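**Student:** output the structure for:
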Amino acid sequence: MAIVLRNEGNRLLNGWFCVKQPDPTELKQKISWADARMREETFFSHQEPWKSMSDDHKRRLGSMNLILYLSRLLASLVAFSFQP
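**Tutor:** This is a model prediction of the structure:
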């Protein structure tokens, strides 16, 4: 899995992220978005191989890290588009 997160396998311009979405049982329970993110964070912090990854790799785990990355990317693209 680290090969993917290091972007060494199928290379993508912005690299890879790994997220965990609610399973079918959680969907039936209609858990909230906030609960889903808490469960995702718990999953990555308590399950192998995720919990043993380096901090660099952990920045590529979870929806919140993906949202933060995409927000920064979008902001930079918007700023670039307004340059003369």
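
**Student:** next secondary structure after the helix or strand bottoming out on mean pLDDT in the chain?
**Tutor:** Of all helical and strand segments in the chain, the minimum by mean pLDDT, DSSP states H and E falls on helix 2-5, at a mean of 66. Going down the chain from helix 2-5, the next helix or strand is helix 24-28, by DSSP states H and E.

**Student:** list the buried residues in the next helix or strand after that next one.
**Tutor:** Using DSSP H and E, the next helix or strand after helix 24-28 towards the C-terminus is helix 33-46. Buried residues in helix 33-46, counting neighbours by 16 or more other C-beta atoms under 10 Å, are found at 36-37, 39-41, 44. C-betas here are computed from N, CA, C, even on glycine.

**Student:** contact partners of helix 33-46?
**Tutor:** Residues outside helix 33-46 that contact it (C-beta atoms under 8 Å, 6 or more residues apart in numbering): 19-22, 26, 31, 50-51, 58, 61-64.

**Student:** what do you get if the cut-off is 7 Å, keeping everything else the same?
**Tutor:** Helix 33-46 is contacted from outside by 19-20, 22, 26, 50-51, 61-64, using C-beta atoms under 7 Å, 6 or more residues apart in numbering.

**Student:** distance to residue 83, pLDDT and neighbour count added to those residues, as JSON lines?
**Tutor:** Putting the contacts of helix 33-46 into JSON lines (distance: C-beta to C-beta, whole Å; pLDDT from 0 to 100; neighbours: other C-beta atoms under 10 Å) gives the following:
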{"residue": "19", "distance to residue 83": "32", "pLDDT": "96", "neighbour count": "15"}
{"residue": "20", "distance to residue 83": "38", "pLDDT": "97", "neighbour count": "18"}
{"residue": "22", "distance to residue 83": "41", "pLDDT": "97", "neighbour count": "16"}
{"residue": "26", "distance to residue 83": "44", "pLDDT": "96", "neighbour count": "13"}
{"residue": "50", "distance to residue 83": "39", "pLDDT": "91", "neighbour count": "18"}
{"residue": "51", "distance to residue 83": "42", "pLDDT": "93", "neighbour count": "12"}
{"residue": "61", "distance to residue 83": "33", "pLDDT": "95", "neighbour count": "23"}
{"residue": "62", "distance to residue 83": "32", "pLDDT": "97", "neighbour count": "21"}
{"residue": "63", "distance to residue 83": "31", "pLDDT": "98", "neighbour count": "17"}
{"residue": "64", "distance to residue 83": "29", "pLDDT": "97", "neighbour count": "12"}
